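A.B. asks: Provided below for reference: sequence and predicted model.
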Amino acid sequence: MDVMTEREVARGSEFREWLEGRRVSVVGLARSGVAASRLLLRLGAAVTALDAKPLDALGSEVKALEALGIAVVAGG
């Protein structure tokens with residue numbers, strides 16, 4: 001696993017380059033999970049968002065994430 005050091009993360013442009021094309025998972029689709037998913041996608045990551053609630057209980061924000069190309073795994 002390729003992990004960045006705290007110092008490397010502090011350098012924004014290096015972090016964006018490092019993140020480009022990587023697969024990331026966001027666990028939990030409350031407000032912060034939705035925001036993190038959007039940010040990571042905007043920075044070039046391939047995002048999979050997961051939540052234990054069923055898809056129909058997650059609301060319209062989740063459908064918007066799917067429309068952006070974020071893979072959503074719900075209900076388990």
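C.D. replies: Everything's here; your move. Numbering: from 1, shown residues only.
A.B. asks: and residue 59, how many neighbours?
C.D. replies: Burial of residue 59 is recorded as 12 neighbouring residues (other Cβ atoms under 10 Å). Glycine gets a C-beta too; all of them are placed from N, C-alpha and C.
A.B. asks: same check, this time on residue 65
C.D. replies: By the measure other Cβ under 10 Å, the count of residues near residue 65 is 22.
A.B. asks: cool, and residue 50?
C.D. replies: Residue 50: 16 surrounding residues under other Cβ under 10 Å.
A.B. asks: show me what counts as buried in whichever strand or helix holds it.
C.D. replies: Per DSSP states H and E: residue 50 is located in strand 46-51. Within strand 46-51, the residues that count as buried by 16 or more other Cβ atoms under 10 Å are 47, 49-51.
A.B. asks: alpha carbons of that strand, as CSV, please.
C.D. replies: Extracted C-alpha coordinates of strand 46-51, given in CSV (Å, rounded to 0.1, in the frame of the first residue of the first chain):
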residue,chain,number,x,y,z
ALA,A,46,-12.3,7.2,-8.5
VAL,A,47,-14.7,7.3,-5.6
THR,A,48,-16.9,4.5,-4.1
ALA,A,49,-19.2,5.7,-1.3
LEU,A,50,-20.6,3.2,1.1
ASP,A,51,-23.4,3.3,3.7
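A.B. asks: give the next helix or strand downstream of that strand.
C.D. replies: Using DSSP H and E, the next helix or strand after strand 46-51 towards the C-terminus is helix 60-68.
A.B. asks: and whichever helix or strand comes after that following helix, what's its mean pLDDT?
C.D. replies: Per DSSP H and E, the first helix or strand lying C-terminal to helix 60-68 is strand 71-74. Taken as a whole, strand 71-74 has a mean pLDDT of 97.
A.B. asks: over to stretch 43-56?
C.D. replies: Stretch 43-56 comes out at a mean pLDDT of 95.
A.B. asks: quick one: end-to-end length of it, please.
C.D. replies: End-to-end distance for stretch 43-56, by Cα to Cα, to the nearest Å: 28 Å.
A.B. asks: and for stretch 58-75?
C.D. replies: Chord length of stretch 58-75, first to last residue, is 10 Å (Cα to Cα).
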